[in-house]
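Trainee: Using only what follows, build the 3D model:
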Amino acid sequence: MNTPTPHITAQKGDFAKTVLMPGDPLRAKFIAETYLENPVLVNSVRGINGFTGTYKGKKVSVMASGMGMPSIGIYSYELFNGYDVDNIIRIGTAGAIVEDLKIRDVVIGMGACTNSNFASQYELPGTYAPIASYKLLRKAVEIAERMGDVNYRVGNILSSDTFYDDSMGTTKWGKMGVLAVEMEAAALYMNAARSGKNALAICTISDNIVTGEATTAEERQTSFHKMMELALDIAVEMAD
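Mentor: From the prediction side, this is the model:
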């Protein structure tokens, strides 16, 4: 794939092998300015901020994905196939659909159910089950255990094409052990599989659809530090 790509103006080598990918461009900017040493803006097309700097001496990048599977589908595809990125870690928010998940708990997405038609492009003779890359999943659990102060769960998540669901059927997934709903992971996992690369979604619970607990937009943008630090430490260890 030729670079620059249609949606990223960076040059080859501008991105690290591991890219952290929040949905919100302002969260990408916050992470870069808060955690990275000497961050450089390498992409700003359509306001999708991408930065590269160092964290604990290792090269790390962070770039927004925008909202939804079509958006992360574009950016992750171009990073994997145009910029030789090996690992993308989605760091975002999710709504709990089981009662015992609390605000600011962290969910590590082992698999991603979806109501999206994204997988139809592969013309598979059945239903594809998008899953995380085990090497990233294992690393996330190891680091979370070392951190000691991360309330985390590993399990299935739901990647939904709809935020406002007219059928009000989201919580039905909880009956099948699905922990939380978000809007990007399934497409990221499929792009990684097709590209022979690695992907993981780490989401902080921003609200609970069952109990009604919720955080503010400002809190979602800036306060989920444990998730950010967990993902950054994964990036460092993947660079070793």
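
Trainee: for residue 111, helix, strand, or coil?
Mentor: Assigned state for residue 111: strand (three-state reduction, DSSP: H, G, I helix; E, B strand; the rest coil).

Trainee: Could you give the number of residues near it?
Mentor: Residue 111 sits with 20 neighbouring residues when counted by other CB atoms under 10 Å. The way it works is simple: take the backbone N, C-alpha and C, and place the C-beta from them, glycine included.

Trainee: Test my guess that it contacts residue 130.
Mentor: Yes: contact between residue 111 and residue 130 holds when scored by CB atoms under 8 Å: they sit 6.7 Å apart.

Trainee: what's the least confident helix or strand in this protein, going by average pLDDT?
Mentor: For the chain, scoring each helix and strand by mean pLDDT, DSSP states H and E identifies helix 217-222 as the least confident one, at a mean of 66.

Trainee: In contact with residue 155, which residues?
Mentor: By CB atoms under 8 Å, 6 or more residues apart in numbering, the residues touching residue 155 are 107, 108, 109, 110, 111, 177, 178, 179.

Trainee: switch to 6 Å and redo it
Mentor: 110, 179 (CB atoms under 6 Å, 6 or more residues apart in numbering).

Trainee: Distance of it relative to residue 164?
Mentor: Remark: distance between residue 155 and residue 164 (CB to CB, to the nearest Å) = 25 Å.

Trainee: How is residue 6 assigned, secondary-structure-wise?
Mentor: When the structure is reduced to helix, strand and coil (three-state DSSP), residue 6 reads as coil.
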